[in-house]
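In: only geometry, no sequence info:
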């Protein structure tokens, strides 16, 4: 093979003789893939070998890390680069201008054209990859900038010895210029998402704050530098973004359930049709594409909803809209619906999604005192991860004024301490600190992002436990331990409960797949013996939903994302956009034990005129069904988050198995003997709706005279579906089925409280 490759190289080189006379070319400098698509680091610096004329070294990003490979420029202009795998060796020829290398062979060189970065005709990347004069990586054609009364900035990087950058805004019959300031822009830090390559900055930066601009319009924004490259050649010193409009900008982030693309949601085809055929939602603009690459327009260009929907032509299932995060999209879609329904002027809405699967909250927090206020963090065992995603997925956006944020995360913190915000422990503390930290850095410049800008949160679906304990306490922690938002720790926030929004058609695909085998699909062949004609007909809906909307990596990613987005959108509309309805469902206000009854009152202020609705309570089947209302009759067992006693030396649980309930979790902190079932011995009770429509009444007869010492509802991992229904997951799915709802369609907020002196007593900071 070695000799064959050598012969091939000689033949290739001889065939290139006369093709180029670039004998005087010096390849030293930075080269870039022409038409770079963002999949890998595009910059390839070439450095001459001073000991061997014509020899050089080129840097590649190979398999999540850098590699330096030797190369040769032959007198006839032919170029050869030796790669670690011989079959990947690159062969090409230099253009006589010395600005282009045309590769004819070589996977690593993509058998395409390289161009000399930041030269005329070369599509050089902007940061964090490049260092030419440009707008920053998050700004591009078709984008939305935040409307008045806020001011917003455009910004970018520059090289050379710049003396001025002048920004011109043109459109809607107006034109004005602004002189940019230098080196005031936040920059990405840490390894880039391509894997292992640190951002090459810091760079010289420029920034210009635009005049507050009313919603709408179509603007071209041009920046021109004096002192960057050749002032006489505008290809080097002037850049523009076009089709820019003003509206409301929302930044979505989190982990995989905020990443889950529209393609994995049941409502995607309806959305596509509404955009392309019915003219709806065309005011929404988005950084289209997979949110895991969402910090750069090279991988996620700004598009209008129509552009994103039509990006793949007739093969619409591959369109860029369908790669965008579903929860983020359906939130905006519902906002538009609500404003349209109430006859309001709908602004352009800009969406950015920087969610990445499998991440912890600590990675999205600034690795500063804001994080270290919180004790017992999940990230304490691997602190090198702290702040990494903040550095690469959040920092590129913080100079961009936003209306608000959406956050859906927590699965990868399920194995950690849920904690309590007033004790500065665990996730409850971190949720508070993340919200405060993002607001702080985004609002550093007065008049840009509001220091108290709205922040939306999604609580975990039951499928998101990742095997970790205390799911109920995690949802409680996601509210900073108040049980509902907004609250003193999380002011001006709204949220969507997702505990009742697991996959509508079941993560295990239902009986039509196994055992009936009525639905031919990957891993499931049609079986006419087990699936007769009647069942085949009945299973049509199940087969359609399962095969038409594939599950992403198992049941942890529910495809029921439109109901989730609807809840977020309604809550945001009523919080931010002047709506007058409720933002949340029935919320515990108080309870009382009297005459063999437990009466639970819900907060009428939060109901805002809504009434409590009692849905059908299905029979108990295993851990599914039932009322989801439980009481405890032993006060010593109450605990929001049981903990193991730790060995002071090893830091591991003691071998004798003692447990305790921390004070922040409603306990005494005292050690209890092995085998103590803290948070155990709960009894389910049925209940009825009071005539007031704002309370429920539970019959205590099953307790046989014992007095309840605690009560909880919808706490932990739960399933409210009727598993006695033979047609469940056959002709219909199950979603939003838990008993307590509101007339606006919000589910009852989970709660757990002690009962002391026949009255509810919530664990601080929650009050009831």
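Out: Structure's in. What do you need? Every value quoted in this text rests on a predicted model; they were computed, and no experiment measured them. Numbers count the residues shown, from 1 in each chain.
In: which residues in the stretch 401-550 of the chain form strands?
Out: 404-408, 455-458, 493-496 (DSSP state E, counting those that start in this stretch).
In: hey, which of the ones you listed is tucked in deepest?
Out: strand 404-408 (a mean of 27; mean count of other Cβ atoms under 10 Å). Every residue, glycine included, has its C-beta placed from N, CA and C.
In: helices and strands around that one, which ones?
Out: strand 238-254, helix 256-259, helix 326-341, helix 426-442, strand 455-458, helix 561-576 (3 or more Cβ pairs under 8 Å, 6 or more residues apart in numbering; DSSP states H and E).
In: can you put the ones you listed in JSON lines and add distance to residue 291?
Out: Formatted as JSON lines, the helices and strands packed on strand 404-408 follow (distance: least, Cβ to Cβ, whole Å):
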{"stretch": "strand 238-254", "distance to residue 291": "8"}
{"stretch": "helix 256-259", "distance to residue 291": "5"}
{"stretch": "helix 326-341", "distance to residue 291": "8"}
{"stretch": "helix 426-442", "distance to residue 291": "17"}
{"stretch": "strand 455-458", "distance to residue 291": "15"}
{"stretch": "helix 561-576", "distance to residue 291": "13"}
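In: quick one on the thing from earlier: could the strands of the stretch 401-550 of the chain go into TSV alongside distance to residue 539 and mean pLDDT?
Out: Converted to TSV, the strands of the stretch 401-550 of the chain look like this (distance: least, Cβ to Cβ, whole Å; pLDDT from 0 to 100):
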stretch	distance to residue 539	mean pLDDT
strand 404-408	32	98
strand 455-458	32	98
strand 493-496	31	98
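In: Ok, which of those comes nearest residue 300?
Out: Closest to residue 300 of these is strand 404-408 (Cβ to Cβ; 16.6 Å).
In: quick one: contacts of the closest one?
Out: Strand 404-408 has contacts (Cβ atoms under 8 Å, 6 or more residues apart in numbering) with 250-255, 257-258, 327-328, 331, 355, 434-435, 438, 453-458, 568, 572, 576.
In: give me that answer again for 6 Å
Out: 250-252, 254, 257-258, 327, 453-458 (Cβ atoms under 6 Å, 6 or more residues apart in numbering).
In: Over to stretch 415-428?
Out: With Cβ under 6 Å, 6+ apart, stretch 415-428 has contacts from 373-376, 378, 413, 429, 432, 468, 470, 473-474, 477, 480-481, 489, 641, 664, 765.
In: Show me those residues that map onto helices.
Out: 429, 432, 473-474, 477 (DSSP state H).
In: ok, of these, which one's closest to residue 141?
Out: Closest to residue 141, out of all of the ones in helices among the contacts of stretch 415-428 and judged by Cβ to Cβ, is residue 432, at 37.7 Å.
In: what residue is smack in the middle of the protein?
Out: Nearest to the mean C-alpha position of the chain, by Cα atoms, centre = their mean, lies residue 355 at 2.6 Å.
In: Am I right that that residue is in contact with residue 257?
Out: No. Applying Cβ atoms under 6 Å as the test, residue 355 and residue 257 come out as separate, 8.0 Å apart.
In: before we move on, the earlier item: tell me the one of the ones in helices among the contacts of stretch 415-428 nearest residue 654?
Out: residue 473 (22.4 Å).
In: So for the closest one, what's the nearest residue that isn't a sequence neighbour?
Out: The spatially closest residue to residue 473, leaving aside those adjacent along the chain, is residue 418, at 4.3 Å (Cβ to Cβ, 6 or more residues apart in numbering).
In: pLDDT at that neighbour, what is it?
Out: What the model reports as pLDDT for residue 418 is 97.
In: Tally up the residues packed near it, please.
Out: Residue 418 sits with 31 neighbouring residues when counted by other Cβ atoms under 10 Å.
In: The stretch 251-400 of the chain: strands as residue ranges?
Out: Assigned strands in the stretch 251-400 of the chain, in chain order: 284-287, 302-304, 349-353 (criterion: DSSP E, counting those that start in this stretch).
In: Could you dump those strands into JSON lines and include mean pLDDT, mean neighbour count and distance to residue 220?
Out: Shown next, in JSON lines, are the strands of the stretch 251-400 of the chain (pLDDT from 0 to 100; neighbours: other Cβ atoms under 10 Å; distance: least, Cβ to Cβ, whole Å):
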{"stretch": "strand 284-287", "mean pLDDT": "98", "mean neighbour count": "28", "distance to residue 220": "16"}
{"stretch": "strand 302-304", "mean pLDDT": "97", "mean neighbour count": "24", "distance to residue 220": "14"}
{"stretch": "strand 349-353", "mean pLDDT": "98", "mean neighbour count": "27", "distance to residue 220": "17"}
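In: returning to what we had before: any idea which of the helices and strands packed on strand 404-408 gets closest to residue 173?
Out: strand 238-254 (14.8 Å).
In: can you state the direction angle for the closest one and helix 326-341?
Out: 100 degrees (axes from the mean of the first three to the mean of the last three Cα atoms, to 10 degrees).
In: buried set for strand 238-254?
Out: 238-239, 241, 243-254 (16 or more other Cβ atoms under 10 Å).
In: Relative to it, what are the paired strands and their orientations?
Out: Neighbouring strands of strand 238-254 in its sheet, by DSSP bridges, are strand 144-146 (parallel), strand 216-226 (antiparallel), strand 349-353 (parallel), strand 404-408 (parallel).
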